[in-house]
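What follows is a predicted protein model with its sequence.
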Amino acid sequence: MILYGGESTTLIIALLIITAVTLYIYLFFKSKSQNLPPGPSGFPIFGNLLSLEPELHTYFAGLAQTHGPIFKLWLGSKLGIVVSSPSTAREILKEHDTVFANRDVPAAGRAATYGGLDIVWTPYGPEWRMLRKICVLKMLSNTTLDSVYELRRGEVRRTVGYIHDRVGSKVNIGEQVFLTVLNVITNMMWGAAVKGEERESLGAEFREAVAEMTQLLGKPNLSDFFPRLARFDLQGVVKEMNALVPRFDRIFEKMISERVKKKEEKGKENESKDFLQFLLNLEEEGDSKTPFTSTHIKALLMDMVVGGSDTSSNTIEFAMAEMMNKPEVLRKVQEELETVVGKDNLVEEFHIHKLPYLHAVMKETLRLHPVLPLMVPHCPSETTNVGGYTIPEGSRVFVNVWAIHRDPSIWENPLEFDPARFLDGKWDYSGNDFNYFPFGSGRRICAGIAMAERTVLYYTATLVHLFDWTIPEGENLEVSEKFGIVLKKKTPLIAIPTPRLSNPDFYREN
Ligand code: HEM
């Protein structure tokens, strides 16, 4: 039989419709027979991909209203599971912690971290344990952080000097805080801070690159949902990531080679004491069971720069915006600082333990704006039962901590910024209470909590003790969010500083 133009098109369309309907029916019954969680209906082949909205955290929260605290989405051929209640989060992060301590590495994550060799993406096992131990004990422990307080202090002083030079004019608070945090981290890692004019230009470049990176990491990518198509990189996500990584890689390579040369010239006795030297020594010593290579070093440096900078600086930016939005809160923080620190003193890091109201401001900021609103997605290493449903091995599990933190059955007036709700000291960052866990919980809990806490409290305290802040005329003060793996303020916080304290020395760099 010969088919002509119109007939063959009709036949192809009919075949496509039959295939699509069959697939749809197959997936529907497969879901039923496997006892998968409920979820919105989707299209054949694409599943729910076509209806995803860019603000994934709010979109998922909306779906949970209809489908319940555990629901599924077909992301192409990949099954996504979203949990949005304390009890389901507990099952995943506590009761089945070991099974869910794995990651479903996205193509963007692999490209960003030399093939997923960092802490964030390494599967749960001996290599991850080794990397985490190195970081938590060597770079992010309280002892190490105490020993490098002068670095943080110096950077904060420098930022204060910069802001003071701009008294009465507009300051981009997020940008300044980012530069401060970045400088502290690079200083801790390889002992170098960016100064002078370079500070602004290089810092701005880094900030842009980190922001693009976290945005790409949060972007739904067809390559992850149709692994067979991954090599075509249809959305160009990997291509974009591959263009970003060399910006960091050049700096990492330069620091590593300079360090190796310095050690050769000056000998072991005179070697530096920073994190990079520690990592290089570890590489040199070698360990046949869990090898540690220079690529691991670069992947770890990437985790520290990316994981450590945007998270803390966005938290501070949100905290400042929320406080400026509620001047009575800002006033209370300033009053607390006046009582504990005094108007003739600078804030020092040791003060932060005596500032319960400021602590409450940080906690309330992370309740309303948990900077990793869906955590880093988890992935079960075996099929497991959660909330009465089957969660198949290899699914991508999103824990919507953002939705839990705004759940009206847990929080009174959940949308109101009210630090007082944290004053009774009931909630902490340990991840033991699944009503509040901005740093995650269980084995994969954030590795940098101690550093984040010091950074956010010390920097915020300094900004509001030394300056009053006003919004420039014509500018809008708002606190809306933009989704990415790291949540950002939709529009940057621009404000005008005025000095609060009379001693001019407080505004000089040293
Ligand atoms: C306010 C600041 C921060 C917040 C809210 C935050 C929150 C989180 C969250 C929610 C996770 C994922 C937990 C999970 O997947 O279950 C995470 C992971 C991680 N964070 Fe943070 N973080 C912050 C700052 C930092 C800092 C300063 C560093 C280091 C310098 C850091 C390093 C890491 C690392 C390495 C991981 C991966 C842990 C793993 O997979 O084992 N974070 N963080």
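Looks like it arrived, so ask away.

Report the rounded mean pLDDT for stretch 438-448.
In this model, stretch 438-448 carries a mean pLDDT of 97.

How about the residues of this protein by the ligand?
For the chain, the residues in contact with the ligand (Cβ under 6 Å from any ligand atom) are 119-120, 132, 140, 303-304, 307-308, 311-312, 315, 366, 371-372, 375-376, 438-440, 444-448, 451-452, 456. For the C-beta atoms, the positions are set from N, CA and C on the backbone; glycine is no exception.

from those, which would you call buried?
A residue is treated as buried here by neighbour count (16 or more other Cβ atoms under 10 Å); on that basis the buried members of the residues of the chain next to the ligand are 119-120, 132, 140, 303-304, 307-308, 311-312, 315, 366, 371-372, 375-376, 438-440, 444-448, 451-452, 456.

Return the subset of those residues lying in helices.
Secondary-structure check on those using DSSP state H: residues within helices are 132, 308, 311-312, 315, 366, 451-452, 456.

pLDDT for the residues you listed - can I get that in JSON lines?
JSON lines is the format used below for these (pLDDT from 0 to 100):
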{"residue": "Arg132", "pLDDT": "93"}
{"residue": "Gly308", "pLDDT": "90"}
{"residue": "Thr311", "pLDDT": "95"}
{"residue": "Ser312", "pLDDT": "96"}
{"residue": "Thr315", "pLDDT": "98"}
{"residue": "Leu366", "pLDDT": "98"}
{"residue": "Met451", "pLDDT": "93"}
{"residue": "Ala452", "pLDDT": "96"}
{"residue": "Val456", "pLDDT": "97"}
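
any idea which of the residues you listed is the one closest to Glu175?
Within those, distances to Glu175 taken as Cβ to Cβ reach their minimum at Ser312, with 13.7 Å.

Endpoints of stretch 460-479, how far apart?
Across its full length, stretch 460-479 reaches 17 Å end to end, with Cα to Cα, to the nearest Å as the criterion.

Next, the buried residues of it.
460-467, 469, 471, 479.

Could you export those residues as CSV, including secondary structure?
Output for the buried residues of stretch 460-479, formatted as CSV (DSSP: H, G, I helix; E, B strand; the rest coil):
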residue, secondary structure
Thr460, helix
Ala461, helix
Thr462, helix
Leu463, helix
Val464, helix
His465, helix
Leu466, helix
Phe467, strand
Trp469, strand
Ile471, coil
Val479, coil
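
Trp128 contacts Trp121, doesn't it?
No. Using Cβ atoms under 8 Å, Trp128 makes no contact with Trp121, being 9.2 Å away.

So the residue in the stretch 201-350 of the chain that the ligand sits nearest to versus Tyr114, what's the distance?
The stretch 201-350 of the chain approaches the ligand most closely through Gly308 (2.8 Å), counting by Cβ to the nearest ligand atom. When Cβ to Cβ, to the nearest Å is applied, the distance between Gly308 and Tyr114 equals 18 Å.

and what of Lys490?
As for Lys490, its distance to Tyr114 is 32 Å (criterion: Cβ to Cβ).

where does this protein dip in pLDDT?
In the prediction, the chain carries residues with pLDDT under 70 at positions 1-9, 11-33, 192-203, 270, 287-288, 510.

Show me the residue sitting in the middle of it in space.
Val486 (4.1 Å; Cα atoms, centre = their mean).

which non-adjacent residue is nearest that one?
Of all residues beyond its chain neighbours, the one nearest Val486 is Thr214 (4.1 Å), with distances taken as Cβ to Cβ, 6 or more residues apart in numbering.

Same check on Leu75?
Ranked by Cβ to Cβ, 6+ apart and with sequence neighbours excluded, the top spatial neighbour of Leu75 is Phe225, at 4.4 Å.

For Asp104, see how far away that neighbour is.
Separation of Phe225 from Asp104 (Cβ to Cβ): 11 Å.

Gln235 versus the residue nearest to Leu75, what's the distance?
Shown here: Phe225 relative to Gln235, a distance of 11 Å by Cβ to Cβ.

quick one: which of these two has more around it?
Summary of the neighbour comparison: Phe225 and Gln235, criterion other Cβ atoms under 10 Å, with Phe225 having more neighbours (21 against 16).

Would you mind naming the residues that pair with Val171 in a beta bridge?
Beta bridges link Val171 to Ala495, judged by DSSP bridges.

Let me see the ranges of the strands in the stretch 351-500 of the chain.
Listed from the start of the chain, the stretch 351-500 of the chain has strands (DSSP state E, counting those that start in this stretch) covering 384-386, 389-391, 396-399, 467-470, 481-482, 488-489, 494-499.

who's in contact with the closest residue to the ligand within the chain?
For the chain, the residue positioned closest to the ligand under Cβ to the nearest ligand atom is Gly448, at a distance of 2.2 Å. Contacts were defined as Cβ atoms under 8 Å, 6 or more residues apart in numbering; by that measure Gly448 touches 140, 307-308, 311.

and of those residues, the nearest to Ala108?
Comparing those against Ala108 with Cβ to Cβ places Gly307 closest, at 14.7 Å.

just checking, that closest one touches Trp121?
No. Under the contact definition of Cβ under 8 Å, Gly307 does not touch Trp121, with a separation of 11.2 Å.

give the contact list for the residue nearest to Pro37 when sequence neighbours are not counted.
Nearest residue to Pro37 in three dimensions, chain neighbours excluded: Tyr389, at 4.2 Å (Cβ to Cβ, 6+ apart). Residues touching Tyr389, when contacts are defined by Cβ under 8 Å, 6+ apart, comprise 35-37, 70.

Which strand residues bridge Tyr389?
Judged by DSSP bridges, the bridge partners of Tyr389 are Val386.

Roughly how far does it sit from Val83?
Distance, Tyr389 to Val83, by Cβ to Cβ: 10 Å.

again, but for Phe506
Distance of Phe506 to Val83, computed by Cβ to Cβ: 48 Å.

surely the residue nearest to Leu75 meets Gly76?
Yes. Counting by Cβ under 8 Å, Gly76 is a contact partner of Phe225 at 3.0 Å.

anything in contact with each of those two?
Taking Cβ under 8 Å, 6+ apart as the contact rule, Phe225 and Gly76 both touch 47, 49.

Skipping adjacent residues, who's closest to the residue of the stretch 201-350 of the chain closest to the ligand in space?
Here the residue nearest Gly308, using Cβ to Cβ, 6+ apart, is Ile185, at 5.0 Å.

counting contacts, what elements does the helix or strand hosting that neighbour pack onto?
Secondary structure here is read from DSSP states H and E; on that basis Ile185 sits in helix 173-190. Identification of packing neighbours for helix 173-190 by 3 or more Cβ pairs under 8 Å, 6 or more residues apart in numbering; DSSP states H and E yields helix 149-164, helix 196-218, helix 237-266, helix 275-285, helix 308-325, helix 449-466.

Save the ones you listed as a markdown table, and put in distance to Gly109 too.
As requested, the helices and strands packed on helix 173-190 are exported to a markdown table (distance: least, Cβ to Cβ, whole Å):
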| stretch | distance to Gly109 |
| --- | --- |
| helix 149-164 | 29 |
| helix 196-218 | 6 |
| helix 237-266 | 9 |
| helix 275-285 | 21 |
| helix 308-325 | 15 |
| helix 449-466 | 21 |
